[in-house]
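Trainee: here's my sequence, what's the structure:
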Amino acid sequence: MNPTPGILYLIGTPIGNLEDITLRALRALRDVDLIAAEDTRVTRVLLQHYKIETRMISYHEHSGLRRLEEIMAALRSGKDIAFVSDAGMPGISDPGAKLVGACADAGISAVVVPGPAAASAALALSGLPAKEFLFLGFLPSRGGPRREALRRVVGQPGALILFEAPHRLRESLEAMAQVLGDRRAACCRELTKHFEEVVRGTISELMTHFSQVEPRGEFTIVIEGVKTRSVPGDVDAAGEEVAELIAAGLSPSRAVTHVAKARRVSKSALYRAVVTQRRGDEA
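Mentor: As a prediction, this is how the structure comes out:
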């Protein structure tokens, strides 16, 4: 008779301050048979702080199929396993999604134990509209792919949230200014830690600030979304939105395609309206 499979627990852990962990998370970390950690050195600090002695193994983006199979075999044998990332909610910008997917395919239960997340914390602190948002993770490290990634979201009406390393912050802000335009934004540094800091302003103001101040620590950046004024079927208002996107750096054809789809207006009618408007501006 096959044993009852164990449960995979996805446990949110502090993003800086070790006190930001739930009682449920601490209980689960004590009760499971094994902890799979993205970085055992980071997780060991948390476990030692709370005197938790559960056995731990590593599981990160470079772990091979063999380690995944080892975890799955333990779950199939009836062992409960916790997966934790370096900080925040696992499954976001880490190998947790692959592990959860494998459990889903095998019919093994996965349970979430919610906890802190840098993206939502930064959004709350930014002071920017938070009704909609899009999380981008880390932008590409090279200039061309970085700008292309920003172009793909230039028309996003909700706030944009992304992570950035200190040594790339200035280059990324410059790319944002070029592609997205001079929008309001907030750079959140070292969230929940002793040196937590939030710098708010337009992107150009943030560029000036960090040209004078050396970026230090990990950053979560929140950027204001496009202010949409048009309604479905309103070609004239949609044309104004296209003009904003073109001014922000998007090509006319891509701006028209994006707005026509988002506003449910005729692409050809919108294109004609934009051409007419541009001729009028040039006259």
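
Trainee: now the helices for the stretch 101-250 of the chain?
Mentor: Applying DSSP state H, counting those that start in this stretch to the stretch 101-250 of the chain gives helices spanning 118-126, 143-151, 169-180, 203-212, 235-247.

Trainee: turn the ones you listed into JSON lines, including distance to residue 57, mean pLDDT and mean neighbour count.
Mentor: From N, CA and C alone the C-beta is placed, and that goes for glycine too. Formatted as JSON lines, the helices of the stretch 101-250 of the chain follow (distance: least, C-beta to C-beta, whole Å; pLDDT from 0 to 100; neighbours: other C-beta atoms under 10 Å):
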{"stretch": "helix 118-126", "distance to residue 57": "25", "mean pLDDT": "95", "mean neighbour count": "20"}
{"stretch": "helix 143-151", "distance to residue 57": "34", "mean pLDDT": "92", "mean neighbour count": "16"}
{"stretch": "helix 169-180", "distance to residue 57": "34", "mean pLDDT": "94", "mean neighbour count": "20"}
{"stretch": "helix 203-212", "distance to residue 57": "39", "mean pLDDT": "96", "mean neighbour count": "16"}
{"stretch": "helix 235-247", "distance to residue 57": "48", "mean pLDDT": "77", "mean neighbour count": "19"}
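
Trainee: show me where the chain dips below the pLDDT cut-off.
Mentor: Scanning the chain for pLDDT under 70 picks out the ranges 1, 228-236, 277-283.

Trainee: now the strands for it?
Mentor: Applying DSSP state E to the chain gives strands spanning 8-11, 34-37, 56-58, 81-84, 110-113, 133-138, 159-164, 184-189, 197-202, 219-223.

Trainee: out of the ones you listed, which one sits most buried?
Mentor: strand 81-84 (a mean of 27; mean count of other C-beta atoms under 10 Å).

Trainee: quick one, domains of the protein?
Mentor: Per the record, the chain has its domains at 8-116, 119-223, 235-282, by automatic domain parsing.

Trainee: make JSON lines out of the ones you listed and add distance to residue 2.
Mentor: Conversion of the domains of the chain to JSON lines gives the following (distance: least, C-beta to C-beta, whole Å):
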{"stretch": "domain 8-116", "distance to residue 2": "8"}
{"stretch": "domain 119-223", "distance to residue 2": "38"}
{"stretch": "domain 235-282", "distance to residue 2": "50"}
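
Trainee: mind listing what the residue lying closest to residue 220 once chain neighbours are set aside touches?
Mentor: Nearest residue to residue 220 in three dimensions, chain neighbours excluded: residue 122, at 3.8 Å (C-beta to C-beta, 6 or more residues apart in numbering). Residue 122 is in contact with 161, 186, 188, 191, 220-222, counting by C-beta atoms under 8 Å, 6 or more residues apart in numbering.

Trainee: try it again with 6 Å
Mentor: 188, 220, 222 (C-beta atoms under 6 Å, 6 or more residues apart in numbering).

Trainee: which of those residues sits closest to residue 204?
Mentor: Comparing these against residue 204 with C-beta to C-beta places residue 222 closest, at 16.1 Å.

Trainee: please report how far the closest one lies from residue 81.
Mentor: As judged by C-beta to C-beta, to the nearest Å, residue 222 and residue 81 stand 34 Å apart.

Trainee: again, but for residue 175
Mentor: On the measure of C-beta to C-beta, residue 175 and residue 81 end up 40 Å apart.

Trainee: same question for residue 252.
Mentor: Residue 252 is 52 Å from residue 81, by C-beta to C-beta.
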